[in-house]
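Chemist: Let's see this in three dimensions:
(chains A and B)
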Amino acid sequence: MERVESSKISRYFYAVLIYFFLWIVLTYPFSIQEWEAGAMIAFLGALLTYKQLSVAGVKNIKRIGILLFWYLPVFTWEMVKANIHVAGLVLNPKMPIKPGIVKIKTNLKSPVARVWLANSITLTPGTLSLDIEGEYLYIHWITVGSTDVEGASREIAGSFEKILEAMFK
Amino acid sequence: MLNVVLGWLGTVLISIGVFFLFLGALGIFRLPDLFNRLQAGTKATTLGVVSTSIGVGLLVKGWLPFSVALAVFLLMTNPISSHAVARASYRAGVKPYHGTSPDECAKRNLDFSGEGEEK
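Modeler: As a prediction, the model looks like this:
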């Protein structure tokens, strides 16, 4: 697995930015005194924890942009579809479920990207990521479509894999 | 005017959220095994709570940043917890529903006597 680390400075400033932004959001009615205290705490807190927060540093800001403007609309739509799907299953008196556990293959290399893929799969229609083993993910599927690895990968992970590939390039 | 529109939007979002939360509870009651129940539980409660909290944020003045932050934390942690429950219970030997037709997971060689490590 590849795990490219950025420089310590970049990771440190990324942590400062994130903490400061969180502080601003959580102390919402804006006032300049809050911001001063927040900046101090962000610089100190980042000093202690920047190693745990990120490995890619400031590059993450581009990722957040893709996340907001490309991933989020697709994801929201998929999540609404997932809920309507579950609603249809649960409210149907016959409950037409056909569960199965299939195996899919992912091309994503970085561990963080795989976490995002697994999370997205869990919240999309009828699928729940059960286990991960190298580049294979085991998916519990509530109404099984195709059972071979390629078909299932296309059907389950297809729409998200493109976005995540662009995001974690 | 804006307040009226925001109020209606918030009420609609809360109603949608409550409806899906109810469906999630019903799904946990009706579906046959742990994994199917987790599916209903995770998806329905995620959309339900996100939609309810954003609706409350629109209704009450000044709460929107907090409710959006709450929704983001929930979206990031909810699938992880459900994955953890599913993985742990599969490895602990919880049998899936008998109609589960392809079970690729069962073809692996897992050593359940150890700490869940693969052979």
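Chemist: Need the contact partners of stretch A:38-58.
Modeler: Contact with stretch A:38-58 is made by A:3-16, A:18-20, A:23-24, A:27, A:60, A:63, A:112, as judged by Cβ atoms under 8 Å, 6 or more residues apart in numbering or on different chains. Every C-beta, even on glycine, is put in place using the N, C-alpha and C of the backbone.
Chemist: Can I get the buried part of the residues you listed as one ChimeraX selection?
Modeler: When burial is assessed using 16 or more other Cβ atoms under 10 Å in any protein chain shown, the buried subset of these is captured in ChimeraX by this command:
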select /A:10,11,12,13,14,15,16,18,19,20,23,24,60,63,112
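Chemist: Can you flag which of the contacts of stretch A:38-58 belong to helices?
Modeler: If you go by DSSP state H, those have A:8-16, A:18-20, A:23-24, A:60, A:63, A:112 in helices.
Chemist: remind me which residues of chain A are low pLDDT?
Modeler: By pLDDT under 70, the weakly predicted segments of chain A are A:1-4.
Chemist: Give me every residue in it lying close to chain B.
Modeler: A:22, A:25-26, A:28-29, A:79-80, A:82-83, A:86-87, A:89-91, A:95, A:97-103, A:115, A:118-119, A:122-123, A:126-131, A:133, A:138, A:140, A:142, A:144, A:147 (Cβ under 8 Å from any Cβ of the partner chain).
Chemist: From those residues, list the buried ones, please.
Modeler: A:79, A:82-83, A:86-87, A:89-90, A:97, A:99-103, A:115, A:118-119, A:122-123, A:126-131, A:138, A:140, A:142, A:144.
Chemist: which ones among the residues you listed are found in helices?
Modeler: Residues of these located in helices (DSSP H): A:79, A:82-83, A:86-87, A:89-90, A:115, A:118-119, A:122.
Chemist: Which helix in chain A has the most residues?
Modeler: The residue-count maximum for a helix in chain A (DSSP H) belongs to helix A:32-53.
Chemist: can I have it written out in CSV, keeping just the CAs?
Modeler: C-alpha atoms of helix A:32-53 as CSV (Å, rounded to 0.1, in the frame of the first residue of the first chain):
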residue,chain,number,x,y,z
ILE,A,32,-13.1,38.8,17.2
GLN,A,33,-12.1,37.7,20.7
GLU,A,34,-13.3,34.2,20.1
TRP,A,35,-11.2,34.1,17.0
GLU,A,36,-8.1,35.2,18.8
ALA,A,37,-8.5,32.5,21.4
GLY,A,38,-9.3,30.0,18.7
ALA,A,39,-6.2,30.8,16.7
MET,A,40,-4.0,30.3,19.8
ILE,A,41,-5.6,27.0,20.6
ALA,A,42,-5.4,25.9,17.0
PHE,A,43,-1.7,26.5,16.8
LEU,A,44,-1.0,24.7,20.1
GLY,A,45,-3.4,21.8,19.4
ALA,A,46,-2.0,21.3,15.9
LEU,A,47,1.5,21.1,17.4
LEU,A,48,0.4,18.2,19.5
THR,A,49,-1.7,16.3,17.1
TYR,A,50,-0.7,17.1,13.4
LYS,A,51,0.9,13.7,13.0
GLN,A,52,-2.3,11.9,13.7
LEU,A,53,-4.6,14.2,11.7
